[in-house]
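Quick one, structure for this:
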Amino acid sequence: MFNLKTLQRNKTVKYGVPMLLLVVGGSFGLREFAQIRYDAQKIRKRLDPSLAAKVNEQKQSVILEEEYEKLKEINLDEWKNIRGPRPWENSKEYQEQQHRNLSKTD
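Numbering: from 1, shown residues only. Predicted coordinates:
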């Protein structure tokens, strides 16, 4: 029925099938390359056991009560909210103006 010459002249076979193979094959190839990327990230995230032990020690050494004591030492009653410069303002001039205002009140 069909011979090779008829299939070569058919536009669907000539252009459509290679395009379909490229799209489907590309998606499978892209999946494989992406999997390699994610596997490499997992390997990089693993820490050396001795380094991991040091990191865990540092995390456990911070105690909530110690942090609370540090905050109690800070005098928050004399705290003053100072606005930062706007993007259209010159930051040097604004800092000098704030410094002058602070020196007047002190």
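
Low-confidence regions, the chain specifically.
Residue ranges of the chain with pLDDT under 70: 1-2, 47, 55-62, 105-106.

What does the residue nearest the centre of it show for phi and psi?
By Cα atoms, centre = their mean, the chain has its centre lying nearest to residue 41, at 13.7 Å. The phi/psi pair for residue 41 (degrees, to the nearest 10) reads phi -70, psi -40.

go on, residue 74?
phi -80, psi 130.

show me where the chain has helices.
Using DSSP state H, the helices of the chain run over residues 4-9, 11, 17-45, 49-61, 64-73, 91-105.

Go through the fifth one and flag the buried ones.
Neighbour counts using 16 or more other Cβ atoms under 10 Å place no residue of helix 64-73 among the buried ones. C-beta: built from backbone N, CA, C; applies to glycine.

For it, output the C-alpha coordinates as CSV.
Written as CSV, here are the backbone C-alpha positions of helix 64-73 (Å, rounded to 0.1, in the frame of the first residue of the first chain):
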residue,chain,number,x,y,z
LEU,A,64,16.5,31.7,76.3
GLU,A,65,17.2,33.0,79.8
GLU,A,66,20.6,34.3,78.8
GLU,A,67,19.0,36.2,75.9
TYR,A,68,16.4,37.6,78.3
GLU,A,69,19.1,38.9,80.7
LYS,A,70,20.8,40.6,77.8
LEU,A,71,17.6,42.4,76.8
LYS,A,72,17.0,43.4,80.4
GLU,A,73,20.3,45.3,80.5
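
so how far is it off the chain centroid?
31 Å (Cα atoms, centre = their mean, to the nearest Å).

and what of the shortest one?
Taking the mean C-alpha point of helix 11 and that of its whole chain, the gap between them comes to 47 Å (Cα atoms, centre = their mean).
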